[in-house]
Structures are given as C-alpha cells and as structure tokens.
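Peer 1: Make a model of this:
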Amino acid sequence: MPDEHVAAELEESAARAQRRGGFAAAAAFLERATELTPAGSRRSGRALAAAQAKLQAGALDDAERLLATAEPGIRSELERARAGLVRAEISFASTRGSDAVTLLRAAAERLREVEPERAGRRTWRR
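Peer 2: You can find the predicted model right below:
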C-alpha cells in the first residue's frame, strides 16, 4: 500500500547511508521507498535513484529491474540522461553486451547537452 510519508523517510535514511558509504543499505532503502511511492514522476525519480544505488552496490540485475520501473515515468531530459548513464554503466559493469561504449558515449553526449557541469562526473546523485 502506498505511503508517501514512509517513502520520504526511507529516502532520507538512504541519503544518510550513502554519505557513510553504505551503498547496499541505501539501495535497499531506496528500493523500498520506490515500492511505497504512489505512481508518478516521484516514483520514477526514486526508482532511478535506487537503480543507481543498486549499481554502486554491485546488484546489477536489481539495478536493471529498477531502471525499467523508472523509465516509463521519466519526464525531464536530465532524468532521461541519468537513466541512459545508469543503463550504460550497467552494461559496462556486466560486460554482457558490446554496446557499453556506445551507450556510455550517448549518455555523455546527452548529459553534456542537459547539464554540462556534471557531464564529466562518473557518479550521479539527485
């Protein structure tokens, strides 16, 4: 059952965990926050953040699943660029496909257009 208040608290807990380097804990908090968030762009944003955290924690399959949850609700070019970067990083980390370099290049181009000052960073946070 959706509960925005609890989802927001979990998101705050995830931020604290990430600051301490607890990527697995942050990923778990963000995943649960996504589950509790009512449908909409906020849910997509949380799912995208959870996918990034899962990627940082090395849970590539979970990251892909959460990215698939996020993508349909993405509305902004910045979030679309972030999603492209996460997808490229998953591909690169998993070495499942030879398309990782192409995906990374496309994500970098989109980021450079949307937010040039962040385009050179490897890790994205909201």
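Peer 1: Tell me where this protein has helices.
Peer 2: Per DSSP state H, the chain carries helices over the ranges 4-19, 23-36, 41-57, 60-70, 77-94, 100-114.
Peer 1: angle of the longest one against helix 100-114?
Peer 2: Same thing as helix 77-94. 160 degrees (axes from the mean of the first three to the mean of the last three C-alpha atoms, to 10 degrees).
Peer 1: Which neighbouring elements make contact with helix 77-94?
Peer 2: helix 41-57, helix 60-70, helix 100-114 (3 or more C-beta pairs under 8 Å, 6 or more residues apart in numbering; DSSP states H and E). Where C-beta positions appear, they are placed from N, C-alpha and C, glycine not excepted.
Peer 1: Next, the buried residues of it.
Peer 2: 78-91 (16 or more other C-beta atoms under 10 Å).
Peer 1: Closest one of those to Thr69?
Peer 2: Closest approach to Thr69 among the buried residues of helix 77-94 (C-beta to C-beta): Ala83, at 10.8 Å.
Peer 1: What pLDDT does the model give the closest one?
Peer 2: What the model reports as pLDDT for Ala83 is 94.
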